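Undergrad: Got a predicted model here, sequence first, then my questions.
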Amino acid sequence: MNSKTLLYIVKRLLLAVLTVWVVITVTFFATRAVPGGPFASEKAITPAAKAALEAKYGLDKPVLEQYTTYLKDIVLHFDFGPSLKQRGRQVIDVITDGLKTSAKLGVIAAFASLICGVVLGAIAALRRNKVIDRVIMVITTAFVSMPSFIMGSLMLVAFSIKLAILPANGSTTEGLILPVITLALYPTAYITRLTRSSMLDVLGQDYIRTAKAKGVPGKRIIFGHALKNSLIPVITYFGPMLAYIVTGSLVVEQIFAVPGIGRAFVNSIINRDYPLIMGTTIVLAALIVIMNLVGDILYKVVDPRINLE
């Protein structure tokens, strides 16, 4: 790793810290600006009891003082505080439990998308304008155009309600099948189209024609040269793809009742659980920033000619 690449990584890390800080600040003041409060929905709560709860969690202090205290707790102790609705639980414990499921869901969906997308894209490129190419392009166009919440709802109705072959509840291992497929469909379709376009461009290069003229075996040309070089755009998409899976899980986990961080985030907003909103937002923002950075670094690793500035 040369000095320019190292300097680029340091700059990106500093920018990542700044980005997360902006997210923390905007989210903190936005949640406090919305009318109501976390205890407004409590049944038959007296003003005295409400005041006692606010004092217990520090919500009776000025907003700016709450903000500075929260930043100190995060920076110095990595403490997100207690959940206001899940009594007796710390936010970090809720996030950790949710991340275990979400990570399993995301990793499986990401690698399934990568493998299926590259294989289908290569097949489409090698069979250009043939029936299989047209079929793949039509199907991928449909999946790229369809939002994950619509696809998830359709799959839930088809496979869980009508056919009753897969569980609708994502809390079990079998129940993760539909959420994984739902999350993987869009990235798979996009990677398929990206691989096909890139591979067609590579196959038309002079060095490929030269290799064919020299009698290099077709498999070696495809796997040793064409496919390898056509993966560069796919690598650049890997970071945004992981970010899409993270954000897409917010809806998908809610549809399939998956006990992941996405569902915890949605429920925290509904319940006005300030510490849990902040904790999940920070974690999700950090994950997206890190994934984009990893994608840029992988781009440099795959193609050393790229200058990161």
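TA: Sure, I can see it.
Undergrad: Low-confidence stretches in the stretch 201-309 of the chain?
TA: 300-309 (pLDDT under 70).
Undergrad: cool, and the stretch 1-150 of the chain?
TA: 1-2, 40-44.
Undergrad: how about the helices of it, start to end?
TA: For the stretch 1-150 of the chain, helices defined by DSSP state H, counting those that start in this stretch occupy the ranges 3-33, 47-56, 63-77, 91-126, 131-145, 148-155.
Undergrad: how far is the second one from where the chain is centred?
TA: Here helix 47-56 is found 38 Å from its chain centre; the criterion is C-alpha atoms, centre = their mean, to the nearest Å.
Undergrad: Pull the contacting residues for residue 12.
TA: For residue 12, the contact set (C-beta atoms under 8 Å, 6 or more residues apart in numbering) comprises 293, 296. The way it works is simple: take the backbone N, C-alpha and C, and place the C-beta from them, glycine included.
Undergrad: Kindly provide the distance from it to residue 290.
TA: 10 Å (C-beta to C-beta, to the nearest Å).
Undergrad: and what of residue 16?
TA: From residue 16 across to residue 290, the span is 7 Å (C-beta to C-beta).
Undergrad: Ok, residue 31 next?
TA: 24 Å.
Undergrad: Repeat that for residue 77.
TA: As for residue 77, its distance to residue 290 is 21 Å (criterion: C-beta to C-beta).
Undergrad: The two - which one has more neighbours?
TA: Between residue 77 and residue 290, residue 290 has the larger neighbour count (other C-beta atoms under 10 Å), namely 17 against 8.
Undergrad: That one: what's it in contact with?
TA: residue 16.
Undergrad: Report the secondary structure element holding it.
TA: helix 274-302 (DSSP states H and E).
Undergrad: Pull out the buried residues from stretch 209-218.
TA: residue 211 (16 or more other C-beta atoms under 10 Å).
Undergrad: so how far is the first residue of it from its last?
TA: 11 Å (C-alpha to C-alpha, to the nearest Å).
Undergrad: And for stretch 159-169?
TA: OK, stretch 159-169 end separation, C-alpha to C-alpha: 12 Å.
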